[in-house]
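Visitor: what's the 3D shape of this:
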Amino acid sequence: MQEMSILEQMGAFYGGLSLENVPAEVIEKAKLCLLDVLECCQAAPWDHRLKGALGSVRSYKTEKGAAVWGEDFCLWAKEAAFVNALRGSLSYRNDLHRRSAVHGGAVVCAASIGTAEEYGVSPKQVLLGIVTGYDAMIRLGETLLRAGLPKGYRSSALCGAFGAAVAAGKTMGLPARKLAFAASFACHAAGGNNQWAAAGTGEDALQAGWGARAGIEAAELAGAGAMGCLESLEGEDGLLACLGAREEAFHMTEELGKRFCILEVEHKPIEACLMLQTPCQAAEKIRVRRDIHPREVEKVLLYVAGQAKRQPGCDSLQAENSVQAKMNLRYGVARTLYRRDTWEKPDEEMQSLMEKIQVIEEPAFTAQFPLKVPARVQIWAGGRCFEEEAADFIPLAPEEVRERFAGTCKSQLIIRRVDCMEELPDIGCLTGLLKR
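Guide: Next up, the predicted model:
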């Protein structure tokens, strides 16, 4: 008997999942992740990306279909998911998974909810779509990172369509083989680089939108009868081979069914790149404990993992806009010391402090990344050195995620409907509250 391919194994497992055989803690985490995505959408800034996205889809408006969150119109599912996933990625406080380097929430949740609206699917299926979509996206990201993803590629961009295809396909209720075909089609949509971070143009949010749209399209193709290559991942010329990860292919199905990857998803306390989280938290401790005024600072040394120093835009003296600011280690620490609430282009005082900050690779920290993101901050002021070392950043606890949602959205009704998703008669009971 021929051995099942990776996509066949994943299709069989995901296709057979029901709420009854998914642990309760996994379902609760799916709800928390959805709540976090909706908060990120509410906190999204208005910029050229959102303006362009809305302008590009307005001619496709429909009376029925999937809601465009924060707007007063509907679109077909894949176009709505494109805008919603993009909107959910603009604030930069979107969730993360360390070992895969993917931000799955906006992509997976937008794909699953959009699909449910268009196809009239039960909210129970949305929860299953979210769980399986995260799982697939994270597993692909982990496999690529284990192999050493070539510099310049962005894990979320490579894996987004894959996760969205599984999320949409599971939400639709595709059988195992068609679910595998959907994931196969999504392998052809893998792409996206990181140059946007240095330029400050922020195509990462667009990558989330493209992934959600491509994933739904892949699921619709499979549902309509198109057949995909079942060796699209591990084949000699498949996606993993193209990205130098074929030897790591077995990780795609490792502990499948025993480990639900969504449980490992974390929520950032600071609306910025992962690399800024620990240095900013350490700098905040020094600021609070020592009450240092930024004008007194003579120099600052940031010891970080090599991955943080080399991340595009992180070790830069310039921050011309909020995208560059949220990727910039110097800006993040200077902002913390100045107690600024915004991420605007630095004024003269902020710029002066940024120029006093030096970013240094600490080999011991490099060895711990990405399971931990350590940092050491040394601040010289008044001829003295104040130091704080943190083994890792502290993510938001579940109750803090909910508190942040309540503070941003002011809607307890949305929280209640997410909390009882599996009991809702129709997903419109929730999405109706998300429209303007």
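Visitor: switch to C-alpha atoms for all contacts and neighbour counts from now on
Guide: Noted.
Visitor: For the stretch 1-150 of the chain, which segments count as helices?
Guide: Listed in chain order, the helices of the stretch 1-150 of the chain (DSSP state H, counting those that start in this stretch) span 6-15, 24-42, 48-57, 77-87, 105-119, 123-147.
Visitor: can you put those helices in TSV and add mean neighbour count and mean pLDDT?
Guide: Formatted as TSV, those follow (neighbours: other CA atoms under 10 Å; pLDDT from 0 to 100):
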stretch	mean neighbour count	mean pLDDT
helix 6-15	22	98
helix 24-42	22	97
helix 48-57	14	97
helix 77-87	30	98
helix 105-119	30	97
helix 123-147	27	98
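Visitor: Columns distance to L434 on top of those helices, output as TSV?
Guide: TSV is the format used below for the helices of the stretch 1-150 of the chain (distance: least, CA to CA, whole Å):
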stretch	distance to L434
helix 6-15	28
helix 24-42	8
helix 48-57	16
helix 77-87	11
helix 105-119	12
helix 123-147	15
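Visitor: I138 touches C261, doesn't it?
Guide: Yes: I138 lies in contact with C261 (CA atoms under 8 Å); the separation is 6.7 Å.
Visitor: Who are the contact partners of M10?
Guide: Shown in contact with M10 (CA atoms under 8 Å, 6 or more residues apart in numbering): 180, 253, 256.
Visitor: what residue is smack in the middle of this protein?
Guide: For the chain, the residue nearest the mean C-alpha position is H103 (1.6 Å; CA atoms, centre = their mean).
Visitor: Can you give me the separation between it and L256?
Guide: The gap separating H103 from L256 is 20 Å, by CA to CA, to the nearest Å.
Visitor: Would you mind measuring from the residue of the chain most remote from its centre to M350?
Guide: What lies farthest from the middle of the chain is G383; by CA atoms, centre = their mean that is 41.9 Å. Going from G383 to M350 by CA to CA gives 21 Å.
Visitor: Next: A245.
Guide: 43 Å.
Visitor: OK, contacts around the closest residue to C261 other than its chain neighbours?
Guide: In space, and not counting its chain neighbours, C261 is closest to D135: 5.1 Å by CA to CA, 6 or more residues apart in numbering. D135 makes contact with 163, 260-262, according to CA under 8 Å, 6+ apart.
Visitor: Compare those residues and tell me which is most surrounded.
Guide: Scoring the contacts of D135 on neighbours with other CA atoms under 10 Å, the highest-scoring entry is G163 at 36 neighbours.
Visitor: just checking, it touches G215?
Guide: Yes: G163 is in contact with G215 according to CA under 8 Å; the separation is 7.2 Å.
Visitor: still on that earlier bit, what is in contact with I138 and C261 at once?
Guide: By CA under 8 Å, 6+ apart, no residue touches both I138 and C261.
Visitor: and G209, which of the helices of the stretch 1-150 of the chain is closest to it?
Guide: helix 77-87 (3.9 Å; CA to CA).
Visitor: show me where the stretch 251-400 of the chain has strands.
Guide: 297-304, 357-361, 375-381, 384-390 (DSSP state E, counting those that start in this stretch).
Visitor: Take those strands and write them to a markdown table, including mean pLDDT and mean neighbour count.
Guide: Shown next, in a markdown table, are those (pLDDT from 0 to 100; neighbours: other CA atoms under 10 Å):
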| stretch | mean pLDDT | mean neighbour count |
| --- | --- | --- |
| strand 297-304 | 97 | 21 |
| strand 357-361 | 98 | 18 |
| strand 375-381 | 97 | 21 |
| strand 384-390 | 96 | 16 |
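Visitor: Out of the ones you listed, which gets nearest to P23?
Guide: So among these, strand 384-390 is nearest, using CA to CA, at 33.2 Å.
Visitor: Neighbouring strands - and their directions - for that closest one?
Guide: strand 375-381 (antiparallel) (DSSP bridges).
Visitor: Dump the C-alpha coordinates for the strand it pairs with into PDB.
Guide: Provided in PDB are the C-alpha atoms of strand 375-381 (Å, rounded to 0.1, in the frame of the first residue of the first chain):
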ATOM      1  CA  ALA A 375      17.900  41.300  25.800                       C
ATOM      2  CA  ARG A 376      20.100  43.400  28.100                       C
ATOM      3  CA  VAL A 377      19.800  47.100  28.300                       C
ATOM      4  CA  GLN A 378      22.500  49.400  29.700                       C
ATOM      5  CA  ILE A 379      21.800  53.100  30.200                       C
ATOM      6  CA  TRP A 380      24.500  55.500  31.100                       C
ATOM      7  CA  ALA A 381      23.200  58.700  32.800                       C
END
